[in-house]
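# I need the structure of the sequence given here:
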Amino acid sequence: MNRMFASEKMIVDESVQAINDLFVEKGWSDGLPIIPPTEQAVETMLAGTKRDPTEVAAAIPPCWGKATIEKIAINAVMAGCLPQYMPVIITAIEAMADERFRLAEIQPTTHPVAPLVIVNGPIVKKLDINSKTGAFGPCWRANATIGRAIRLILLNIGGALPGKLDLSTQGQPSKYTYCIAENEEDSPWEPLHVEKEFAVSTSSVTVAATENPHNINEHVAITGEEMLISICNAMMTTGANNVLFQEGSPVIALSPEHAATIAASGYSKNDVRNYIYEKARIPLYRFHRRAIDKYYSGWDEKAMVPITARKEDIIIIVVGGQGKHSAYLPAFIPPSVTKAIAEY
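Residues are numbered from 1 along each chain as shown. Sure, this is the predicted structure:
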């Protein structure tokens, strides 16, 4: 029995195949098989939160559907979540609904962007959210299903179906699932949520509108500055939205080995941010004339264009396991939003 909408109940063939066929037909699926959201399964999922099932956590654009706690639970069941993931999912949805995040622009844009969910704090170990080897990849239930539940909510409640209201020209794989944790254990610096002025003991969710990770391969640098030069060079691309519009929260996800090399040279996390802001700049002459007239009208011809206008918007995190690969995640226009997880 499906309760995708509080006012509707449906009696359908009990076979998993029939239910999946129905959900595809109705446009309630991301294209992968779903777990049938039976009444019992939804009740079990709701046990993961103390929130009232009828409470509206957020209105999700572009259709502005009301994301009640019950509807969030329905999509969490479909994604394969465990009940204890509910506080993370609810918090992420509330963070995305913050007006600063501009979800109404993210959902229908032609840009290949998805909300990245970064989890920090004690809840990471409690829920076994992967922050180490393969954190952006498959085979980790918490990462995969939390991220997938959020995407199903954006589809089913927000109505952002590809080719209809989601107009992303090519899309991107992170539109299936996009959830990681910061590797606080192997980081030489303070974690992201502490930078955002939360206590170490607080668990939090940060949402950032980004593209897929772009690999930064650096196997020979032995000093922090050599490492940072390679990072800056990998970031200096003229096609990134954060460069063109001078907005957004680009993410630099450093591997533990790269972070250790940088920290050993005396760089703090904020020093890394300052270095990238000052050095990862693109000469204006690398842009063609129409782009200069559109995006940089009035700029000096000798100007060096920064990655984004506000260095505070650059996110530095440590993610991954052994290996000398880091990643740059170019950003869409909105800034990131961090929100504490109130219950878990």
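# CA atoms for contacts and neighbours, from now on please.
Fine.
# Helices of this structure, start to end?
Here the chain has its helices, by DSSP state H, at 16-26, 39-46, 69-79, 86-97, 103-106, 123-127, 141-156, 192-195, 224-235, 241-244, 256-264, 269-279, 289-295.
# Can you say which of these is nearest to residue 171?
helix 103-106 (12.1 Å; CA to CA).
# Buried residues, the closest one. List them.
Buried residues in helix 103-106, counted by 16 or more other CA atoms under 10 Å: 103, 104, 106.
# could you give me the average pLDDT of it?
Here helix 103-106 scores 98 as its mean pLDDT.
# and it, what does it pack onto?
Using 3 or more CA pairs under 8 Å, 6 or more residues apart in numbering; DSSP states H and E as the contact test, no helix or strand touches helix 103-106.
# and it, how far out from the chain's middle?
14 Å (CA atoms, centre = their mean, to the nearest Å).
# Over to stretch 70-82?
18 Å.
# Stretch 119-127 now?
16 Å.
# Show me where the stretch 201-344 of the chain has its strands.
Under the criterion DSSP state E, counting those that start in this stretch, the stretch 201-344 of the chain contains strands at 204-210, 214-217, 251-254, 282-283, 304-305, 315-318, 325-329, 337-340.
# Out of the ones you listed, the one nearest residue 165 is which?
Closest among the strands of the stretch 201-344 of the chain, using CA to CA: strand 204-210, at 17.5 Å.
# Can you name every helix or strand that the closest one contacts?
Using 3+ CA pairs under 8 Å, 6+ apart: strand 204-210 touches helix 86-97, strand 114-120, strand 337-340.
# among these, which is the most enclosed?
strand 114-120 (a mean of 27; mean count of other CA atoms under 10 Å).
# Give me the mean pLDDT for it.
Mean predicted confidence for strand 114-120 is 98.
# same deal with stretch 60-78?
98.
# again with stretch 291-304
96.
# Stretch 321-329 too?
According to the model, stretch 321-329 has a mean pLDDT of 98.
# Begin at 27 from now on, thanks
OK, 27 is where the count begins now, so the last one is stretch 347-355.
# check contacts around residue 178.
Counting by CA atoms under 8 Å, 6 or more residues apart in numbering, residue 178 touches 54, 55, 56, 101, 105.
# count of neighbours near the residue nearest to the fourth one when sequence neighbours are not counted?
Of all residues beyond its chain neighbours, the one nearest residue 101 is residue 175 (5.5 Å), with distances taken as CA to CA, 6 or more residues apart in numbering. For residue 175, the count of nearby residues is 26 (other CA atoms under 10 Å).
# circling back to that earlier point, now, which of the contacts of residue 178 sits nearest residue 367?
residue 101 (19.4 Å).
# quick one: low-confidence parts of the chain?
For the chain, the stretches flagged by pLDDT under 70 are 27-34, 370.
# any idea which residue sits dead centre in it?
With distances taken as CA atoms, centre = their mean, the residue of the chain nearest its centroid is residue 142 (0.3 Å).
# distance of that residue from residue 53?
23 Å (CA to CA, to the nearest Å).
# Same check on residue 64?
Remark: distance between residue 64 and residue 53 (CA to CA) = 18 Å.
# of these two, who's got more company?
residue 64 (20 against 14).
# Relative to residue 46, how far out is the more buried one?
Residue 64 is 13 Å from residue 46, by CA to CA.
# export the buried residues of helix 129-132 to TSV and tack on distance to residue 78?
Formatted as TSV, the buried residues of helix 129-132 follow (distance: CA to CA, whole Å):
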residue	distance to residue 78
129	24
130	26
132	28
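# Quick check: residue 288 touching residue 255?
No. Contact criterion CA atoms under 8 Å: residue 288 and residue 255 do not qualify, at 10.9 Å.
# rewinding a little: from the contacts of residue 178, which single one is nearest residue 196?
For the contacts of residue 178, the residue nearest residue 196 by CA to CA is residue 56; the value is 15.7 Å.
# I figured the closest one hits residue 202, correct?
Yes. Taking contacts as CA under 8 Å, residue 56 lies within contact range of residue 202: 7.2 Å.
# intersection of neighbour lists for the two?
The contact sets of residue 56 and residue 202 do not overlap (CA under 8 Å, 6+ apart).
# so what's residue 114 up against?
172, 231, 367.
# Now for the closest residue to the last one other than its chain neighbours: which residues touch it?
Put plainly, it is residue 367. Setting aside the residues directly before and after it, residue 367 is nearest to residue 230 in space (CA to CA, 6+ apart), at 5.1 Å. Residues counted as contacts of residue 230 (CA under 8 Å, 6+ apart) are 145, 146, 147, 219, 364, 365, 366, 367.
# so what's residue 230 bridging to?
Beta-bridge pairing for residue 230 (DSSP bridges): residue 146, residue 366.
# how much space between it and residue 346?
For residue 230, the distance to residue 346 - CA to CA - is 19 Å.
# Same check on residue 300?
Residue 300 is 23 Å from residue 346, by CA to CA.
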